[in-house]
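Peer 1: one predicted model, sequence on top.
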Amino acid sequence: MTVHFIGAGPGAADLITVRALRLIESSPVCLYAGALVPPEVIDHCPVGARIVDTADMDLDAITAELLTAHERGEDVARLQSGDLSVFSAVSEQIRRLEQAGVPYSLTPGVPAFAAAAAALGQELTVPTVGQTVILTRASRNATAMPAGEELDALARTGALLVLHLATNLVELVVDTLLPHYGPDCPAAVVAMASREDEVVARCRLADLATTVRDRGIRRTALLFVGRVLEAGDFEDSHLYSTACAAARRDDPLPPALLGS
């Protein structure tokens, strides 16, 4: 058997990969992350599948479900919201499985920040304006940030910041970032990205906390802060420049690399 960790996407039921869908359809056990995974996705589980909502379960209880399925020789579709690569809490589950000798696989999904960028209608890296995106979070009573990754330290880069799990600390975020980005720096909040109740609001950094509170945003939201959010005067990408196109004509890639 195999425990298939699956990135179930940011919320819209159709933002899931074909591979993920096939794994869900073929796994007799499904563990999913409560309200973060749409019911339409769970509907793809096979008839008679054991379906477990992990919203109120701790790591020990989740691990017990996975080990029980392993003993029965049943594949598990373990659905996590967004993508597995960031803030998915998958690492501690994998560690438990490795200790128990249980095989697993990882299937990526559409990350929340990508869905939020789509909702904002823009690219997060713009030539000559911003080429770095920092995915991070704010911390007060949660797991402490590693040394050197405190928000104040990251803000000194001036890069676009995308903060997860930070709406309840938005005032702290604003106070920390103001000295580095200034009150007029473009900011935005995107809640429930890709869902029917999606909320998108742009503002200035100085007004970010008020915007979040006035919109009643409490969870499942991302905060964006950076100049790239209003990039208008920038150079075209070198990739599609006349010089680059000419160079490709003079020295084309081998057919195998072009997929032909």
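Peer 2: That came in fine, so what should we check first?

Peer 1: what packs against the lengthiest helix in the chain?
Peer 2: Assignment by DSSP state H gives helix 59-72 as the longest helix of the chain. Helices and strands touching helix 59-72, by 3 or more CB pairs under 8 Å, 6 or more residues apart in numbering; DSSP states H and E, are strand 3-7, strand 29-32, strand 76-80, helix 91-100. From N, CA and C alone the C-beta is placed, and that goes for glycine too.

Peer 1: once you drop chain neighbours, what's closest to Ala166?
Peer 2: Excluding the flanking residues, the one nearest Ala166 by CB to CB, 6 or more residues apart in numbering is Ala138, at 4.1 Å.

Peer 1: that neighbour: neighbour count?
Peer 2: 20 (other CB atoms under 10 Å).

Peer 1: ok, now Val228?
Peer 2: 21.

Peer 1: so it touches Leu160, yeah?
Peer 2: Yes. In this structure, Val228 is within contact of Leu160 by CB atoms under 8 Å, at 5.0 Å.

Peer 1: need the residues touching each of these two.
Peer 2: Leu124, Gly130 (CB atoms under 8 Å, 6 or more residues apart in numbering).

Peer 1: and the gap between Gln93 and Glu198?
Peer 2: 29 Å (CB to CB, to the nearest Å).

Peer 1: out of the two, which sits in the more crowded spot?
Peer 2: Per other CB under 10 Å, whichever of Gln93 and Glu198 has more neighbours is Gln93, with 20 against 16.

Peer 1: show me what contacts that one?
Peer 2: Contacts of Gln93 by CB under 8 Å, 6+ apart are Phe5, Leu59, Ile62, Thr63, Leu66, Arg78.

Peer 1: related to what we said a few turns ago, okay, the angle between the longest helix of the chain and helix 91-100?
Peer 2: 40 degrees (axes from the mean of the first three to the mean of the last three CA atoms, to 10 degrees).

Peer 1: pLDDT below threshold where in the chain?
Peer 2: 141-142, 241-248, 250, 252-260 (pLDDT under 70).
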